[in-house]
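Asker: What shape does this take:
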Amino acid sequence: MIAPKQQHQLEVRVDQRIIQIVRLLHCNMPELEDLIEHEITDNPALERIESGEDDTEVRQYSAPVQGLKRVYEEEFGIESDFDPIGNAVDQSLTLREYLMRELRTLLPERQHAIAEYILDNLDEHGLLLGFDNDRASLETGASPEEIEAVVQALQSLDPPGIGARSVQECMLLQLHDLREQGQGNPVAELLVERYFDRLVDPPVRRIARDLKVDVSEVQEAIQYIKTALHPYPAYRYRPPWESILPASHSAIKPDIIIRRNPAGFEVEVVRPRWFLILSPRWREQYEKVMKNPSDYSPEMVQQVTEYVERAKQFLVNIEARYRTLQRIARAVVNRQFAFLETGSYTYMQPLTRAEIAREIGVHESVVSRSISNKWVLLPHGDLIPFSDFFAPSLGIQQAIQEVVRSEDPNAPYSDVQIAEILYRRWGLKASRRTVVKHRNRLHIPSSRERKKRK
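Answerer: Numbering: from 1, shown residues only. Next comes the predicted model:
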């Protein structure tokens with residue numbers, strides 16, 4: 001008789017507590033509120049207590065759960081009328097308001113009135129059809145060259161094609177933008193430049209012969225134009241935060257608030273405006289069941305134990321999230337003191353996730369999850385992505401500064417040239433729009449302004 005062989009099988013089980021902690025770390029404030037709401041619905045042992053003016057009862061219930069606090073209590077000794085949530089970005093921002101806000105950062109103050117005038121001439125499609133620089137010059141008192149400079153600044157903004165003076169120019173602007181992102185199509189650009197009036201029913205073979213390319217390349221370019229371009233850029237406008245937050249959330253909410261105090265800066269991790277506690281009724285029932293389990297049915301013992309222990313673990317994990325975010329934010333504040341003091345990206349120090357992870361004794365992935373998709377409210381009121389404190393954007397900014405410092409004062413580099421040099425010297429891929437964004441953050445004027453100043 002052959003003895004049965006014993007087989008050892010290694011089974012890997014993922015601890016559900018770890019999964020939950022990872023999920024909580026990754027959540028931003030609106031996502032956290034949704035997750036908590038879902039957990040409350042699923043687990044009757046969790047109880048939410050709304051905060052209010054008279055919260056004696058709330059404080060009484062909050063005592064057993066260490067560390068739970070209201071978000072906006074006057075516990076820091078700072079009197080301020082500024083409401084971070086109330087001052088979050090308003091999703092009613094119109095396309096015109098968004099464009100004017102961006103142009104104010106791009107243009108010197110004397111050109112703001114010109115920008116207002118030009119935006120007043122945008123039609124509902126986001127185009128400047130029939131716009132004439134000479135007429136605008138007469139009506140504004142600015143030179144035609146200055147009018148053109150403001151139009152070009154407008155055309156550098158999102159959505160691509162905005163401020164074009166014709167549908168053809170709109171499509172060319174979009175093609176140039178796609179090219180800068182590494183998604184261009186040279187044949188499509190030639191088609192729009194030379195055969196725009198024939199694009200409805202293009203003579204494919206003749207065009208291929210004229211351009212000395214294969215018929216298939218022309219057909220692919222035509223399909224590319226149909227799918228990648230839009231003749232009316234205003235229809236592509238979305239508020240800047242819609243690509244970051246789900247559509248169900250009406251505004252960006254800060255996850256971290258940094259406040260100035262006499263000793264420097266303090267960090268607050270934003271919490272909901274209510275308490276989340278273990279239900280006193282379920283806690284009492286749990287203690288009874290644990291003391292005399294034989295007095296209750298096995299089903300009831302299992303149910304009470306499962307709900308209460310799950311609620312306790314959820315509260316522990318929530319607190320672990322808050323503590324981790326607090327430690328990371330505090331470490332970042334210590335490294336980026338000059339930026340917080342001035343509000344200028346010029347003073348942002350090189351910083352990596354690995355450095356912060358080593359400093360607070362966690363894995364780099366913990367830092368990455370903790371800063372992902374989260375927002376920080378700065379002392380002067382700006383709301384920025386947490387990731388702005390870290391590379392690689394800092395590397396790009398430093399590289400842009402180096403390029404500008406090394407340029408010929410009589411022939412400053414354009415934004416397109418800067419993007420090309422970034423890639424050639426350091427392998428940094430950046431579109432013209434990316435260069436413009438970081439140049440403005442560094443308070444570096446446009447090439448035209450730099451030439452005048454020098």
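
Asker: Pretty sure Arg448 sits against Ala149.
Answerer: Yes - using CB atoms under 8 Å, Arg448 is in contact with Ala149, at 6.4 Å. Every residue, glycine included, has its C-beta placed from N, CA and C.

Asker: Tell me which of these two has more neighbours.
Answerer: Ala149 (18 against 14; other CB atoms under 10 Å).

Asker: need the contact list for that one.
Answerer: Counting by CB atoms under 8 Å, 6 or more residues apart in numbering, Ala149 makes contact with Gln111, Arg448.

Asker: What are the buried residues along the helix or strand it falls within?
Answerer: Assigned by DSSP states H and E, Ala149 belongs to helix 144-155. Across helix 144-155, burial judged by 16 or more other CB atoms under 10 Å covers Glu146, Ile147, Ala149, Val150, Val151, Ala153, Leu154, Gln155.

Asker: so after that helix, what's the next helix or strand?
Answerer: That would be, after helix 144-155 and using DSSP H and E, helix 167-180.

Asker: and that following helix with helix 144-155, angle?
Answerer: 60 degrees (axes from the mean of the first three to the mean of the last three CA atoms, to 10 degrees).

Asker: What is the very next helix or strand once past helix 167-180 packed up against?
Answerer: Later in the chain than helix 167-180, the nearest helix or strand by DSSP H and E is helix 186-194. With contacts taken as 3 or more CB pairs under 8 Å, 6 or more residues apart in numbering; DSSP states H and E, helix 186-194 sits against helix 167-180, helix 204-211, helix 215-228.

Asker: Tell me what angle the last one forms with helix 204-211.
Answerer: Following the same axes, to 10 degrees, one obtains 110 degrees for the angle between helix 215-228 and helix 204-211.

Asker: Who are the packing partners of helix 215-228?
Answerer: Helix 215-228 packs on helix 167-180, helix 186-194, helix 204-211, going by 3+ CB pairs under 8 Å, 6+ apart.

Asker: List the contacts of the longest one.
Answerer: In this structure, residues lying in contact with helix 167-180 by CB under 8 Å, 6+ apart are 127, 155, 160-161, 164, 184-185, 188-189, 192-193, 196, 225, 228-233, 416, 419, 431-433.

Asker: Dump the C-alpha coordinates for that helix into CSV.
Answerer: The C-alpha trace of helix 167-180 is given here as CSV (Å, rounded to 0.1, in the frame of the first residue of the first chain):
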residue,chain,number,x,y,z
VAL,A,167,-11.6,77.6,-38.1
GLN,A,168,-8.5,76.9,-40.1
GLU,A,169,-6.3,78.7,-37.6
CYS,A,170,-8.1,77.0,-34.7
MET,A,171,-7.3,73.6,-36.2
LEU,A,172,-3.7,74.6,-36.8
LEU,A,173,-3.3,75.7,-33.2
GLN,A,174,-4.7,72.4,-32.1
LEU,A,175,-2.3,70.5,-34.4
HIS,A,176,0.7,72.5,-33.1
ASP,A,177,-0.4,71.7,-29.5
LEU,A,178,-0.6,68.0,-30.3
ARG,A,179,2.8,68.1,-31.9
GLU,A,180,4.3,69.7,-28.8
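
Asker: buried stuff in that helix?
Answerer: So, applying 16+ other CB under 10 Å, buried residues of helix 167-180: 167, 169-180.

Asker: Repeat that for stretch 373-386.
Answerer: Asn373, Lys374, Trp375, Val376, Leu377, Leu378, Pro379, Leu383, Pro385, Phe386.

Asker: My guess is the fourth one contacts Arg259. True?
Answerer: No - the criterion here is CB under 8 Å, and Val376 misses it with Arg259 at 11.5 Å.

Asker: Figure out which of the helices and strands packed on helix 215-228 is closest to Phe265.
Answerer: Shortest distance between Phe265 and the helices and strands packed on helix 215-228, using CB to CB, is found for helix 167-180: 37.3 Å.

Asker: phi, psi of Ile49?
Answerer: Main-chain torsions, Ile49, degrees, to the nearest 10: phi -110, psi 120.

Asker: tell me the pLDDT at it?
Answerer: Looking at Ile49, its pLDDT reads 84.

Asker: And for it, the neighbour number?
Answerer: 17.

Asker: Phi first, then psi, for the residue lying closest to it once chain neighbours are set aside.
Answerer: Leaving out its chain neighbours, the residue that sits closest to Ile49 by CB to CB, 6 or more residues apart in numbering is Phe275, at 4.2 Å. Main-chain torsions, Phe275, degrees, to the nearest 10: phi -90, psi 140.

Asker: State the helix or strand in which Val301 lies.
Answerer: helix 298-335.

Asker: How far off centre is the very next helix or strand once past that helix?
Answerer: Next in sequence after helix 298-335, counting helices and strands by DSSP H and E, comes helix 337-342. How far helix 337-342 lies from its chain's middle: 21 Å, per CA atoms, centre = their mean, to the nearest Å.

Asker: in the stretch 101-250 of the chain, what spans have low per-residue confidence?
Answerer: Along the stretch 101-250 of the chain, segments meeting pLDDT under 70 span 181, 238-250.

Asker: can you pull the contacts of Gln285?
Answerer: Gln285 touches Val304, Val308, counting by CB under 8 Å, 6+ apart.

Asker: Pull the helix or strand containing it out as PDB, backbone CA atoms only.
Answerer: Assessed by DSSP H and E, Gln285 sits inside helix 280-291. Extracted in PDB, the C-alpha atoms of helix 280-291 (Å, rounded to 0.1, in the frame of the first residue of the first chain):
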ATOM      1  CA  PRO A 280     -22.400  53.600  22.600                       C
ATOM      2  CA  ARG A 281     -25.300  51.200  22.200                       C
ATOM      3  CA  TRP A 282     -23.300  48.700  20.200                       C
ATOM      4  CA  ARG A 283     -20.300  49.100  22.500                       C
ATOM      5  CA  GLU A 284     -22.500  48.300  25.500                       C
ATOM      6  CA  GLN A 285     -23.900  45.200  23.800                       C
ATOM      7  CA  TYR A 286     -20.400  44.100  22.800                       C
ATOM      8  CA  GLU A 287     -19.200  44.200  26.400                       C
ATOM      9  CA  LYS A 288     -22.200  42.200  27.500                       C
ATOM     10  CA  VAL A 289     -21.600  39.600  24.800                       C
ATOM     11  CA  MET A 290     -17.900  39.300  25.600                       C
ATOM     12  CA  LYS A 291     -18.600  39.000  29.300                       C
END
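
Asker: Now do it against helix 298-335, angle only.
Answerer: Using the same axes, to 10 degrees, helix 280-291 lies at 120 degrees relative to helix 298-335.
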